[in-house]
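Chemist: Got a predicted model here, sequence first, then my questions.
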Amino acid sequence: MIKFCLDQTPFLKIALVYEHQSKQIMDIAVENRFKPSLNGTIFSGKVVQIADGFGGAFVDIGLKENAFIKRTQLLRGLGLSPSKHENTPLSKLVKNGQMVIAQVDKEPYQTKGAQLTTDISLPGKTIILMPNMRGVRISKKAIKTPHIIAIETQLKSLLGNDYGAIIRSAVTTGEISVEEVLSDAQSLINLWEQLKSRAILGSSIMKLHETASFESVVEEMLLRHTIDQFHVSSKEEMRFLTDLGIEKRHISAKAPVTAHFIEQGVPLDKWLFEAQKTTPEGVKVTIDELEAFTICDVNSGTYDMSSDARNAIFYVNASAAQAILSHIRLHRLSGILLIDFIDMTAEEQLSFIQHLLLNGYDKGNGFTIEGFTKLGILELSRKRDGGSLRDLLSLEYAKKDYAFWILNDLWFDLKRLCEHTNATQVEVEVDERLYGFLRQTNPFAQLPIKIKFSLLKRHEKNYRLITSKH
């Protein structure tokens, strides 16, 4: 049985898909209310530094670190042809202080600023409007039926030479009419024109629009799985699911004192922090996420290597590769990846790379395989579109502090204290990093108990509760 649960606190929103009996985590989405996702957010930004040497410019969009935009993207966004000005230095075409409407293509990561694009995309229910492109395209997943062709023809007529669009795969079911698509397109066109007007009238750095939401991420997650039972905490969350077509009889809506995933016995803490994974075949994989790259080491573990050693090596490495792929996807790892598989011959390495390309390590999933080094280590990279789970849950990535996960746990501990005891006040000892954060903001104030924060005197725990009835 496949289950889904949704937990929300003042710190985190966590959506989880898991197999009930084995408690295997199949999918996860996390939103940190203090580190919101910027992917897809549209800004009106100001060019602050031309960087011909880097092939682009730095743009102030109101964040701590300036964002970067490539030359061709910037020129197109300013209405200039990159091909006509191919040999002209960017500094001759663009001046500091010029404003540009751009969208976050890659989120800020550690000390790096965001990367911007002017290929703006505004997703709707039936189409994705591309205001700075022309023509109508159809999603790769869609089949070109007579119904789709009719929609394509009408959409081209509406958009003319002013806008471009991609017809989403959901339209291929035939249940969505031409009129619904055109109405969706017109709403998106109106939205884009309003955004442009705001940018022109404001003439200042501002956030214009957020295209991504936690709800849309969860909606996409639910489309990837056939789920038997849903656990949520409120009528609003139930309504969100029923609006997606999920029947009420499959939904349990109650607010547990602890997190749903804890109540259901899903070892999410262990899953988050455990560096070593064991596959169903007994193969052991150790994954270490570092600042510059991620290192993975493969060990045969309890897998029987006694017969047909060459074939056994392939199966061990293939099993490890699937476990690593799942970890990369769910923990949102990206950048440089180094995998130390069990030694293979040069011929076996080439064959294994083909196996990887056919089993998830492809361009469609953001991977580029560079090949095996002389030491037999596979070098590959994955396109970065945001931080990892560790980055999302930490105040300081380099220290692996998982501070927001700890605060999330503290929330549930204090909630239990309020509901199961008659304590009227509590002193919460926390370590220095949490104490500094809570001095600036206190989301716990909404709990019906007086809370005093102080520095932790003993460091064997992340926090300590000292209750009082007075």
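Modeler: Looks like it came in fine. Residues are numbered from 1 along each chain as shown.
Chemist: from here on, contacts and neighbour counts on C-alpha atoms
Modeler: Will do.
Chemist: Ile176: which element?
Modeler: Assigned by DSSP states H and E, Ile176 belongs to no helix or strand.
Chemist: measure it to Met221 for me?
Modeler: 21 Å (C-alpha to C-alpha, to the nearest Å).
Chemist: buried ones in the longest helix seen in the chain?
Modeler: As assigned by DSSP state H, the longest helix anywhere in the chain is helix 178-202. Using 16 or more other C-alpha atoms under 10 Å as the test for burial, helix 178-202 gives Val178, Val181, Leu182, Asp184, Ala185, Gln186, Leu188, Ile189, Trp192, Leu195, Ala199.
Chemist: With stretch 75-91 instead?
Modeler: Buried, per 16+ other C-alpha under 10 Å, within stretch 75-91: Leu75, Arg76, Gly77, Leu78, Pro82, Leu90.
Chemist: average pLDDT for it?
Modeler: The pLDDT scores in stretch 75-91 average 90.
Chemist: End to end on that stretch, go ahead and measure it.
Modeler: End-to-end for stretch 75-91, by C-alpha to C-alpha: 11 Å.
Chemist: by contact count, what packs against the longest strand anywhere in the chain?
Modeler: Secondary structure assigned by DSSP state E gives strand 42-51 as the longest strand of the chain. Judged by 3 or more C-alpha pairs under 8 Å, 6 or more residues apart in numbering; DSSP states H and E, strand 42-51 is in contact with strand 56-60, strand 99-106, strand 206-209.
Chemist: Can you tell me the strand partners of the shortest one and which way each runs?
Modeler: In its sheet, strand 206-209 lies beside strand 42-51 (antiparallel), with partners assigned from DSSP bridges.
Chemist: Residues in contact with the strand it pairs with: which ones?
Modeler: 56-62, 90-91, 94-104, 120, 199, 204-211 (C-alpha atoms under 8 Å, 6 or more residues apart in numbering).
Chemist: How many residues are close by Ser300?
Modeler: Other residues within reach of Ser300, judged by other C-alpha atoms under 10 Å, total 22.
Chemist: if I look at it, how far off is Gln276?
Modeler: With C-alpha to C-alpha as the criterion, Ser300 and Gln276 are 13 Å apart.
Chemist: With Val218 instead?
Modeler: Applying C-alpha to C-alpha, the value for Val218 to Gln276 is 28 Å.
Chemist: I figured Gly77 hits Ile101, correct?
Modeler: Yes: with contact defined as C-alpha atoms under 8 Å, Gly77 reaches Ile101; the gap is 7.0 Å.
Chemist: which residues are common contacts for those two?
Modeler: Common neighbours of Gly77 and Ile101 (C-alpha under 8 Å, 6+ apart) are Thr118.
Chemist: quick one, strands of the stretch 51-200 of the chain?
Modeler: Remark: strands assigned in the stretch 51-200 of the chain by DSSP state E, counting those that start in this stretch are 56-60, 67-70, 99-106, 115-117, 122-123, 127-130, 135-138, 164-167.
Chemist: now those strands in a markdown table, with mean pLDDT and distance to Ile151?
Modeler: Putting these into a markdown table (pLDDT from 0 to 100; distance: least, C-alpha to C-alpha, whole Å) gives the following:
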| stretch | mean pLDDT | distance to Ile151 |
| --- | --- | --- |
| strand 56-60 | 95 | 38 |
| strand 67-70 | 96 | 34 |
| strand 99-106 | 93 | 28 |
| strand 115-117 | 94 | 28 |
| strand 122-123 | 91 | 17 |
| strand 127-130 | 92 | 11 |
| strand 135-138 | 88 | 10 |
| strand 164-167 | 91 | 9 |
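Chemist: Could you save these as a markdown table and add columns showing mean neighbour count and distance to His250?
Modeler: Below are these laid out as a markdown table (neighbours: other C-alpha atoms under 10 Å; distance: least, C-alpha to C-alpha, whole Å):
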| stretch | mean neighbour count | distance to His250 |
| --- | --- | --- |
| strand 56-60 | 24 | 47 |
| strand 67-70 | 24 | 44 |
| strand 99-106 | 24 | 37 |
| strand 115-117 | 24 | 41 |
| strand 122-123 | 21 | 29 |
| strand 127-130 | 25 | 30 |
| strand 135-138 | 18 | 34 |
| strand 164-167 | 22 | 31 |
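Chemist: circling back to that earlier point, possible to save the buried residues of helix 178-202 as CSV with pLDDT and distance to Pro267?
Modeler: Output for the buried residues of helix 178-202, formatted as CSV (pLDDT from 0 to 100; distance: C-alpha to C-alpha, whole Å):
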residue, pLDDT, distance to Pro267
Val178, 88, 47
Val181, 91, 43
Leu182, 92, 46
Asp184, 93, 42
Ala185, 93, 44
Gln186, 95, 46
Leu188, 95, 42
Ile189, 95, 46
Trp192, 95, 44
Leu195, 94, 44
Ala199, 91, 47
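Chemist: re the thing from before, out of the helices and strands packed on strand 42-51, nearest to Gly164?
Modeler: strand 99-106 (16.2 Å; C-alpha to C-alpha).
Chemist: What is the closest one packed up against?
Modeler: Under the contact definition 3+ C-alpha pairs under 8 Å, 6+ apart, strand 99-106 sits against strand 42-51, helix 71-77, strand 115-117.
Chemist: Could you rerun that using 6 Å?
Modeler: Applying 3 or more C-alpha pairs under 6 Å, 6 or more residues apart in numbering; DSSP states H and E, one finds that strand 99-106 makes contact with strand 42-51, strand 115-117.
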